[in-house]
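Undergrad: Any chance you could fold what I've pasted below:
(chains A, B and C)
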Amino acid sequence: MARYGIKNSTAIQVDSTIFFSGMTAVDLETGLTIDGSTADHARFTLELFADILADLGLSLDHVVKVNAHLTDLDDFAGWNDVFLDVFDAPYPCRTTVGAPLIVGKIEIELTAATEPRR
Amino acid sequence: MARYGIKNSTAIQVDSTIFFSGMTAVDLETGLTIDGSTADHARFTLELFADILADLGLSLDHVVKVNAHLTDLDDFAGWNDVFLDVFDAPYPCRTTVGAPLIVGKIEIELTAATEPRR
Amino acid sequence: MARYGIKNSTAIQVDSTIFFSGMTAVDLETGLTIDGSTADHARFTLELFADILADLGLSLDHVVKVNAHLTDLDDFAGWNDVFLDVFDAPYPCRTTVGAPLIVGKIEIELTAATEPRR
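TA: Reported below is the predicted structural model:
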């Protein structure tokens, strides 16, 4: 993505809500999309978000909504398995649809809160 | 959807905003997508949301934003008719785009508030 | 769009967050989609939003999140150039995906706050 000069903010807080930019499975050091399946991309992207959340003093437990775009909806089961593995109950809200993407097999956008889900 | 083990939260509140998971015209008792047109799917899905909102002490009058994904944008007029029929003025904000969906002809995601629109 | 009887609210505020309807490069006086490239459409749409924000006593500096749908992701670079030109650092959060649209080459949905980005 570096070639595009991406300069979005990663996260912006308004009141108790934190809005995030959509992320894909791009290695931030090399700028290259990782290899692997949609499930691999989903796990990599959520781990990126976990690091971003940690920098804000938050965790994946603070995520209230997940918006996912998949290039191939036949891979939904793999994405769902990762979702259930990475998040703990009570799970976030979620919407998943299909879409062409600039890079990667899944684009994930999060909305988080300053308090954990309960 | 039951075969996927869907465990999203239906709704999560942050301050005065309530975020929802996207919903489609799936009969929650049978797990099957209903028959009918995009307009039929839209009406069924908004009625599901009306029930969910009622359980939270809210109604469709509390919805501030509607994000709709249609598998066939040629059906936009039917979706718009249902939108204008189910909601009352002042209407919610809305974004409608096309997208492949896992099930159904329209996926609807809501954002609501603890106070009704005015 | 007039032929559809579009009656969405343009913007609704909840606490310090202002949610907007998605907009495209439709001339509101003629109801016609403008000519031009995806970049032209993006600039026109963001100028529409700047006017709407001004009516609310806000500006593009108050935008915290931008959700863009492009009919042709090959035009991402043009959209990104407009994004970097119209907004000032620190930039809003952003998610861009591909999608069929009812009209226009890019649909843009904003989320804003009552305080400017910093």
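
Undergrad: For the rest of this, base every contact and every neighbour count on C-alpha atoms.
TA: Noted.

Undergrad: and A:Val66, that one's in a helix?
TA: No - with DSSP: H, G, I helix; E, B strand; the rest coil as the criterion, A:Val66 is located in strand rather than a helix.

Undergrad: and it, what is it in contact with?
TA: By Cα atoms under 8 Å, 6 or more residues apart in numbering or on different chains, the contact set of A:Val66 is A:92-95, A:108-111.

Undergrad: is it true that A:Val103 lies in a helix?
TA: No - A:Val103 sits outside any helix when classified using three-state DSSP, being coil.

Undergrad: Go back to the contacts of A:Val66 and keep what's next to chain C.
TA: A:Glu109 (Cα under 8 Å from any Cα of the partner chain).

Undergrad: Counting neighbours, which of the contacts of A:Val66 comes out on top?
TA: The most neighbours of any of these, using other Cα atoms under 10 Å in any protein chain shown, belong to A:Pro92, which has 30 neighbours.

Undergrad: Now secondary structure and pLDDT too, for the contacts of A:Val66, in CSV please.
TA: Formatted as CSV, those follow (DSSP: H, G, I helix; E, B strand; the rest coil; pLDDT from 0 to 100):
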residue, secondary structure, pLDDT
A:Pro92, coil, 98
A:Cys93, strand, 98
A:Arg94, strand, 98
A:Thr95, strand, 98
A:Ile108, strand, 98
A:Glu109, strand, 98
A:Leu110, strand, 98
A:Thr111, strand, 98
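
Undergrad: For chain A, what lies in contact range of chain C?
TA: With Cα under 8 Å from any Cα as the criterion, chain A meets chain C at residues A:4, A:6-12, A:14-15, A:19-23, A:69, A:99-102, A:109.

Undergrad: so where's chain A uncertain?
TA: Where chain A drops to pLDDT under 70, the residues are A:1-4.

Undergrad: Select the longest helix from it.
TA: Scanning chain A for the longest helix, with DSSP state H as the assignment, gives helix A:38-55.

Undergrad: and it, which residues are buried?
TA: Of the residues in helix A:38-55, those buried under the neighbour-count criterion (16 or more other Cα atoms under 10 Å in any protein chain shown) are A:38-46, A:48-50, A:52-53.

Undergrad: Keeping just the C-alphas, turn it into PDB.
TA: Listed next in PDB are the C-alpha coordinates belonging to helix A:38-55 (Å, rounded to 0.1, in the frame of the first residue of the first chain):
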ATOM      1  CA  THR A  38      -8.800 -16.000   3.700                       C
ATOM      2  CA  ALA A  39      -8.600 -17.400   7.200                       C
ATOM      3  CA  ASP A  40      -4.900 -16.700   7.300                       C
ATOM      4  CA  HIS A  41      -5.600 -13.100   6.200                       C
ATOM      5  CA  ALA A  42      -8.300 -12.700   8.800                       C
ATOM      6  CA  ARG A  43      -6.100 -13.900  11.600                       C
ATOM      7  CA  PHE A  44      -3.200 -11.700  10.500                       C
ATOM      8  CA  THR A  45      -5.400  -8.600  10.200                       C
ATOM      9  CA  LEU A  46      -7.000  -9.100  13.600                       C
ATOM     10  CA  GLU A  47      -3.500  -9.500  15.100                       C
ATOM     11  CA  LEU A  48      -2.600  -6.200  13.600                       C
ATOM     12  CA  PHE A  49      -5.700  -4.700  15.200                       C
ATOM     13  CA  ALA A  50      -4.800  -6.300  18.500                       C
ATOM     14  CA  ASP A  51      -1.400  -4.500  18.400                       C
ATOM     15  CA  ILE A  52      -3.100  -1.200  17.500                       C
ATOM     16  CA  LEU A  53      -5.600  -1.700  20.300                       C
ATOM     17  CA  ALA A  54      -2.800  -2.500  22.800                       C
ATOM     18  CA  ASP A  55      -1.100   0.800  21.900                       C
END
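
Undergrad: Done for today, thanks.
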